[in-house]
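In: Got a sequence here, can you model it:
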Amino acid sequence: MKVSKLASNLVGSEIIKIGNEVNDLKAKGAQISNLTIGDLNSNIYPIPQELKDGINKAYTNNLTNYPPANGLQSLRTSVSNDLKKRWDLDYSANDILITAGSRPLIYAVFKTIVDEGDKVIYPIPSWNNNHYAYLTNANAVEVQTQESNNFLPTADDLRPYLEGAVLLCLCSPLNPTGTMFTKEQLSEICELVLEENKKRGADEKPLYLMYDQIYAMLTFGADHYNPVSLFPEMKDYTIYIDGTSKCFAATGVRVGWGFGPSLVIDKMKALLTHVGAWAPKPEQEAVAEFLADDVAVDTFLENYKGKLNASLKELHSGIQDLKSRGFAVESISPMGALYLTIKLDYLGKTAPDGKVIENSTDLVFYLINNAGMALVPFSAFGNDKSVPWFRASVGGCSLDDIKNCLPKLQKALENLK
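Out: Numbers count the residues shown, from 1 in each chain. All right, here's what the predicted structure looks like:
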């Protein structure tokens, strides 16, 4: 039996594969600290009470029919007002598109801008850009980043590839690393984009920038920067990806929003009318009310960020302690999001059962079975399996879980020869 060429060659998510393995083992009674999926344990990190109450009220009031395909006017207005207050960004409600989380937005950006064979540039590691490039038959240019720059691309990294490209994909705070662009780093990249677009004629596509800032409210002692605030002329070229899933621990609530140039957003709206990617109406209604309550938002974020930061610091401190005692490990101080970047330089070692740890995936499954600790290798974000770096997501674990898994990690690493 045959299916489409696209379906035949589509690669599933490595993160989900690892997560399924963890869930199977946990169902059999295994005690595993699940640091894989970029989700939140809703018993540790519940959504804001005001948001929960608003959702319940909306269902009680029978707001269960179709919302407008581009999102409720009330929510688009709340988002518009919040963008102005939070980032000093001026986007009208008409230039905001509401969807069921941020994934439909990213897909729509690719489908709206990219024709078959068009050049799309993105750094590695980065989340899912390789899959969206495949889905649109793009000419994907993967730009390798370096530890020395916190795995973020520099202007010098990107410069050789911009000619003829139609889309540049950036994310800050970055999934998978939890690192962030400085003002200078992002400014230099924006200057490149503007310079490239000045070279193009009226009959050519511009070079657009998709800027994923879904983690922008989750920063720890560092400032978040965005292209249009730095360079107002970037407004013609920048499409933002944002929403509630991470900043309000609301991954299952499924309310995301994108905003950008009217031409692009209008085409994204039209595309998604054929996909049915709208967020549920009760959740939209509730988010509109919650987002307008500055005190509730700020109070929630203060507590939520404090708990996340404590877990990230604990894990970072534990890895640094192992490093100080001679283990071949490293970690990058967390700046934002849910993630800690960890290096475990144990590829090529042999496990007690005689099996050689040939690549990063082997090490992941060794640690699941021998340390009760599940990580995601950078190979899930576009890197080669020979790269010994991993993402640890703290949202699914308690602080005690993280404390308890560190001695098990030490023992498992000690047993590799």
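
In: roughly how far out does stretch 123-142 sit from the chain middle?
Out: Distance of stretch 123-142 from its chain centroid, counting by C-alpha atoms, centre = their mean, to the nearest Å, is 14 Å.

In: Stretch 280-300 too?
Out: Centroid separation for stretch 280-300 versus its chain: 21 Å, with C-alpha atoms, centre = their mean.

In: which residues does Lys52 contact?
Out: Counting by C-beta atoms under 8 Å, 6 or more residues apart in numbering, Lys52 makes contact with Pro46. No exception for glycine: its C-beta is placed from N, CA and C like everyone else's.

In: Swap in 10 Å and give it another go.
Out: Contact partners of Lys52, counting by C-beta atoms under 10 Å, 6 or more residues apart in numbering, are 46, 250, 253, 286, 290.

In: Of these, grab the buried ones for ChimeraX.
Out: In ChimeraX, a selection of the buried entries from the contacts of Lys52 looks like this (16 or more other C-beta atoms under 10 Å):
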select :250,253,286,290
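
In: Arg325 and Gln410, how far apart?
Out: 8 Å (C-beta to C-beta, to the nearest Å).

In: who has more neighbours, these two?
Out: Gln410 (17 against 9; other C-beta atoms under 10 Å).

In: what about the residue lying closest to Thr251 once chain neighbours are set aside, neighbour count?
Out: Nearest non-adjacent residue to Thr251, counting by C-beta to C-beta, 6 or more residues apart in numbering: Ser245, 4.6 Å away. By other C-beta under 10 Å, the residues close to Ser245 number 22.

In: would you say Ser245 is within a strand?
Out: No - the assignment for Ser245, made by DSSP: H, G, I helix; E, B strand; the rest coil, is coil rather than a strand.

In: Surely Pro282 is in contact with Tyr59?
Out: Yes - Pro282 is within contact range of Tyr59, at 4.9 Å (criterion: C-beta atoms under 10 Å).

In: Tell me which of these two has more neighbours.
Out: Pro282 (21 against 16).

In: ok now do that one, which residues does it touch?
Out: 54-64, 67, 253.

In: Can you give me the neighbour number for the nearest residue to Gly256 once chain neighbours are set aside?
Out: Leaving aside its chain neighbours, Gly256 sits nearest to Gly243 (3.1 Å; criterion: C-beta to C-beta, 6+ apart). Look at Gly243: counted by other C-beta under 10 Å, it has 27 neighbours.

In: so who does Gly243 touch?
Out: Contacts of Gly243 (C-beta under 10 Å, 6+ apart): 79, 98-103, 105, 213-214, 250-251, 253-258, 279, 287.

In: Those in strands, which ones?
Out: Per DSSP state E, strands hold the following members of the contacts of Gly243: 98-99, 256-258.

In: Which parts of the chain are strands?
Out: Going by DSSP E, the chain shows strands at 33-34, 96-99, 119-124, 139-144, 165-171, 208-212, 238-243, 256-259, 329-332, 339-344, 373-374, 376-377, 389-393.

In: Which strands or helices does the longest one pack on?
Out: What that stands for is strand 165-171. helix 103-113, strand 119-124, helix 129-135, strand 139-144, helix 155-158, helix 183-198, strand 208-212, strand 238-243 (3 or more C-beta pairs under 10 Å, 6 or more residues apart in numbering; DSSP states H and E).

In: got TSV for those, with mean pLDDT too?
Out: Shown next, in TSV, are those (pLDDT from 0 to 100):
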stretch	mean pLDDT
helix 103-113	98
strand 119-124	98
helix 129-135	95
strand 139-144	98
helix 155-158	98
helix 183-198	98
strand 208-212	98
strand 238-243	98
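
In: who's in contact with stretch 407-417?
Out: 31-33, 315, 318-319, 321-322, 325, 327-329, 342, 344-353, 356-357, 363, 366-373, 375, 405.

In: Tell me if I'm right that Ala100 and Arg254 touch.
Out: Yes - under the contact definition of C-beta under 10 Å, Ala100 touches Arg254, with a separation of 4.3 Å.

In: Spit out the residues that contact the two alike.
Out: In contact with both Ala100 and Arg254: 243, 277-280, 283-284, using C-beta under 10 Å, 6+ apart.

In: center of this protein, which residue is that?
Out: The structure's the chain has its C-alpha centroid closest to Asn175; by C-alpha atoms, centre = their mean the separation is 4.1 Å.

In: For that one, list the residues it contacts.
Out: 38, 125-128, 212, 214-215, 246, 337-339, 381, 391, 393.

In: Kindly recompute the last result at 8 Å.
Out: By C-beta under 8 Å, 6+ apart, the contact list for Asn175 reads 38, 126-127, 212, 214-215, 337, 339, 381, 391.

In: Among those residues, which one is most surrounded by other residues?
Out: Most neighbours among those, by other C-beta under 10 Å: Ala337, with 30 neighbours.

In: What residues of the lengthiest helix in the chain count as buried?
Out: What stands out as the longest helix in the chain, according to DSSP state H, is helix 294-324. For helix 294-324, the neighbour count (16+ other C-beta under 10 Å) marks 296-297, 300, 304-305, 307-309, 311-316, 318-319, 322 as buried.

In: same question, stretch 139-154
Out: Buried-residue list, stretch 139-154, by 16+ other C-beta under 10 Å: 140-143, 145, 149-154.

In: So what touches it?
Out: By C-beta under 8 Å, 6+ apart, stretch 139-154 touches 117-125, 129-130, 133-134, 157-158, 161, 165, 170, 172, 174, 177, 179-181, 185, 188-189, 332, 335, 341, 343, 382, 389.

In: low-scoring stretches of this structure, by residue?
Out: The model of the chain has no residue with pLDDT under 70.

In: sorry, back to before: check the contacts of Pro282 and tell me the two furthest apart.
Out: Greatest spatial distance in those: Asn62 and Val253, 18.9 Å, computed using C-beta to C-beta.

In: sorry, back to before: now, among the contacts of Pro282, which is nearest to Lys26?
Out: The closest of those, once distances to Lys26 are taken by C-beta to C-beta, is Val253, at 24.4 Å.

In: check contacts around the closest residue to the closest one other than its chain neighbours.
Out: Nearest non-adjacent residue to Val253, counting by C-beta to C-beta, 6+ apart: Glu283, 5.1 Å away. Contacts for Glu283 (C-beta under 8 Å, 6+ apart) come out as 55, 58, 253-255.
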